[in-house]
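In: The sequence and its predicted three-dimensional model are supplied below.
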Amino acid sequence: VDGHGSSRLRESIIRERRAVDMTHIGSQCELSLKIPGTSAFDMSAYVTSPTGRLENCEIV
């Protein structure tokens, strides 16, 4: 197969944090980021549990 790339950019932000004492397992959480020049339609996100299980995030 021959052709040009899709010119898509992939960037990962990885930060490990300890859970705060008041966190309840299975509860909903929210993270707000402002990234200028981007569209939610061009993004994907997921979280990784301490056991390594991946879960997709909703981007609004």
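Out: Cool, the structure landed.

In: which residues of this protein fall in helices?
Out: Secondary structure of the chain (DSSP state H): no helices located.

In: any idea how far V60 is from S32?
Out: For S32, the distance to V60 (C-beta to C-beta, to the nearest Å) stands at 10 Å. Heads up, the C-betas are built off the backbone N, CA and C, glycines and all.

In: swap in I14?
Out: 22 Å.

In: Same question for Y46.
Out: When Y46 is compared with V60 (using C-beta to C-beta), they lie 15 Å apart.

In: the more surrounded of those two?
Out: In terms of neighbours (other C-beta atoms under 10 Å), Y46 is the more surrounded of Y46 and V60; the figures are 8 against 5.

In: if I read this right, that one contacts E55, doesn't it?
Out: Yes: Y46 lies in contact with E55 (C-beta atoms under 8 Å); the separation is 6.1 Å.

In: Could you name the helices and strands sitting against the helix or strand bottoming out on mean pLDDT in the chain?
Out: Among the secondary structure pieces of the chain, namely its helices and strands, strand 46-48 has the lowest mean (mean pLDDT, DSSP states H and E), a mean of 84. In terms of contacts (3 or more C-beta pairs under 8 Å, 6 or more residues apart in numbering; DSSP states H and E), strand 46-48 is packed against strand 54-56.
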